[in-house]
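J.: Structure for the following, please:
(one chain, ligands or ions: 1)
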Amino acid sequence: MSGKKPPHKPATQLVEAGRRPEWTGAIVNPPVWRASTHIFETEADRKAALSANHDGQFYYGRRGAPTQWALADALTGLEPGAYGTMLYPSGVAAIAASLMAVLRPGDMLLVTDNAYEPTRNIARGLLKRWGVKHRFFDPLDIDSFTTLCTDEKPRAVWLESPGSLTMEVCDVPALATIAREHGAVSLIDNTWATSLGFPALQHGCDISVMSLTKHVGGHSDLMMGSASAGERWYKALRQNAQQLGHVVSPDDAALALRGLRTMGLRLERGVESAAVVAKWLQSRPEVAHVLCPLIPGDAGHELWNRDFSGGCGLFSFVLNSGDEAARARLVDNLQLFGIGYSWGGFESLALPFDPAPMRDVMAWPPAACDTTQKLGIRLSIGLEDPADLIADLESGFTAMGDA
Ligand SMILES: Cc1ncc(COP(=O)(O)O)c(C=O)c1O
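T.: Residues are numbered from 1 along each chain as shown. Take a look at the predicted model:
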């Protein structure tokens, strides 16, 4: 017996994660440690800090202070296999910076075709200008992906599962294994499930990226992103973030840490309520198809069951008929759902979407949908009572018919 204690269960980890020695004693939460400048006692101390360059050691505000270190430590502890976590001013900054940490001019990047649109734009814009080539791939077509890896010799592969608009769950362990066999680094946007619902590094990914704006913040009042990785890639992320000057505010870090404490409960509630609302939508004549891996029968449900231990309240559906004006009447008449981007807050949101222009290789609607209708609506289910949300959607459907 090694005598090493097994790690606590996720719910316990969420409570204890990131408590740092700087505030031992009576303090539960870290102070909001606002600082650009740290004063050294002596010239010898300044030189020691300069040469050590460790995280968790005062140097200068851009390297953070105990509030930011606490959040980074907490996220590292929650991602099995992670050595460290870098924080970024938004999820998009985390995506761009983690790709820049891995890629060099001349490299090839393979991007899942169902990726969040700004991720696609980073490949098509920033990275292209920087001399990085890219190809989009269908994450459900493993054979074509293998061929692409053989032909294109990618340096990196970008995954997102489920796709945050169209909700396809892909076989991340298989894709990451193929990528590794071809010498490519796998990065994943793990915002939907978080490391609680999908331990991405354990499933074969090298870098796990999250928009903390969503579930970790949880209250729709901050923007932040993170990237967690094993030692090799953490060091590259850290060097890159420092050169780009990425730093997050201690006030936001404190808010994110507060959000993290209740994230498990909020995610559980989101999954339960989303399943109730999704099943109700399946019964509605106005709905052609519900895209929600949480419910049996969905194309991604089996893989979700196999690889995920949780999820969240974000899913989509396709309308059975009508035009954009009818869809607008529906969402305009919702009282509890706001029309808005983002998700993962305590409040419900509805977002009309049309993914066709954002796809290079995947069809919309997908064959699994068994419909030719195209008008999508994404719902982020918040903490309201699902019965109220269903009543709200019902009145939206009634208004949709009132041309
Ligand atoms: C899947 C996904 N990843 C990343 C982001 C970007 O996060 P942020 O808004 O914090 O930049 C978003 C934002 O909507 C998202 O939906």
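J.: contacting residues for the residue of the stretch 51-200 of the chain found nearest the ligand?
T.: The ligand sits closest to G91 of the stretch 51-200 of the chain, with a gap of 2.3 Å, by Cβ to the nearest ligand atom. All C-beta spots, glycine's among them, are computed from the backbone N, C-alpha and C. By Cβ atoms under 8 Å, 6 or more residues apart in numbering, the residues touching G91 are 191, 209-214, 223-225.
J.: Show the pLDDT at the closest residue to A368 other than its chain neighbours.
T.: For A368, ignoring the flanking residues on the chain, the nearest one in space by Cβ to Cβ, 6 or more residues apart in numbering is A299 at 3.9 Å. Note on A299: pLDDT of 95.
J.: Backbone torsions only: list them for A299.
T.: For A299, the backbone dihedrals are phi -60, psi -30 (criterion: degrees, to the nearest 10).
J.: my read: it touches E168, true?
T.: Yes. Taking Cβ atoms under 8 Å as the definition, A299 is a contact partner of E168 at 7.1 Å.
J.: shared neighbours, those two?
T.: Contact criterion Cβ under 8 Å, 6+ apart; residues shared by A299 and E168: P366.
J.: For the closest residue to the ligand within the stretch 301-403 of the chain, give me its contacts.
T.: Ranked by Cβ to the nearest ligand atom, the top residue of the stretch 301-403 of the chain for proximity to the ligand is S342, at 5.3 Å. S342 makes contact with 213-214, 220, 349, 380, according to Cβ under 8 Å, 6+ apart.
J.: again with L257
T.: Going by Cβ under 8 Å, 6+ apart, L257 touches 18, 29-30, 67, 70-71, 74.
J.: now these: which count as buried?
T.: Neighbour-count burial (16 or more other Cβ atoms under 10 Å) is assigned, among these, to 18, 30, 67, 70-71, 74.
J.: In helices, which of these fall?
T.: If you go by DSSP state H, the buried ones among the contacts of L257 have 67, 70-71, 74 in helices.
J.: The residues you listed also near the ligand: which ones?
T.: Near the ligand, taking Cβ under 6 Å from any ligand atom as the test, no member of those is found.
J.: how close does V157 get to F198?
T.: Distance, V157 to F198, using Cβ to Cβ, to the nearest Å: 16 Å.
J.: Which one's more surrounded, those two?
T.: The neighbour comparison of V157 against F198 (other Cβ atoms under 10 Å) goes to V157, with 28 against 24.
J.: For the protein, what lies in contact range of the ligand?
T.: So far as Cβ under 6 Å from any ligand atom goes, the chain lies against the ligand at 90-92, 116, 164, 189, 191, 211, 213, 223, 225, 342.
J.: Try it again at 5 Å.
T.: Proximity of the chain to the ligand (Cβ under 5 Å from any ligand atom) is limited to residues 90-92, 116, 164, 189, 191, 211, 213.
J.: In the one helix or strand R120 maps to, which residues are buried?
T.: Per DSSP states H and E, R120 falls inside helix 117-122. Within helix 117-122, the residues scored as buried using 16+ other Cβ under 10 Å are 119-122.
J.: List the contacts of it.
T.: Contacts with helix 117-122, where a contact means Cβ under 8 Å, 6+ apart, come from 92, 95-96, 99, 111, 136, 158, 160, 189, 358.
J.: picking that back up, nearest to C369 among the buried residues of helix 117-122?
T.: C369 lies nearest to R120 out of the buried residues of helix 117-122, by Cβ to Cβ, at 21.3 Å.
J.: which residues touch the residue nearest to D73 when sequence neighbours are not counted?
T.: Once flanking residues are discounted, D73 sits nearest to G18: 4.5 Å by Cβ to Cβ, 6+ apart. Applying Cβ under 8 Å, 6+ apart, we find G18 in contact with 30, 70-75, 77, 257, 260.
J.: Pop out the phi and psi values for G18.
T.: G18 has phi and psi values of phi 80, psi 10 when expressed as degrees, to the nearest 10.
J.: okay, it: pLDDT?
T.: 88.
J.: That one and the ligand: what is the separation?
T.: 20 Å (Cβ to the nearest ligand atom, to the nearest Å).
J.: same thing with P7?
T.: The gap separating P7 from the ligand is 27 Å, by Cβ to the nearest ligand atom.
J.: where does the chain have low pLDDT?
T.: Scanning the chain for pLDDT under 70 picks out 1-4, 21-26, 403.
J.: For it, which helix extends over the most residues?
T.: Assignment by DSSP H gives helix 250-282 as the longest helix of the chain.
J.: Which is the succeeding secondary structure element to that one?
T.: For helix 250-282, the following helix or strand on the C-terminal side (DSSP H and E) is strand 287-291.
J.: Tell me the strands beside that following strand, with direction?
T.: strand 314-319 (antiparallel) (DSSP bridges).
J.: Would you tell me what the next helix or strand after the partner strand is?
T.: For strand 314-319, the following helix or strand on the C-terminal side (DSSP H and E) is helix 324-332.
J.: Could you name the helices and strands sitting against the next helix or strand after that next one?
T.: As assigned by DSSP H and E, the chain's next helix or strand after helix 324-332 is strand 338-339. Under the contact definition 3 or more Cβ pairs under 8 Å, 6 or more residues apart in numbering; DSSP states H and E, strand 338-339 sits against strand 349-353.
J.: Alright, that wraps it up for me.
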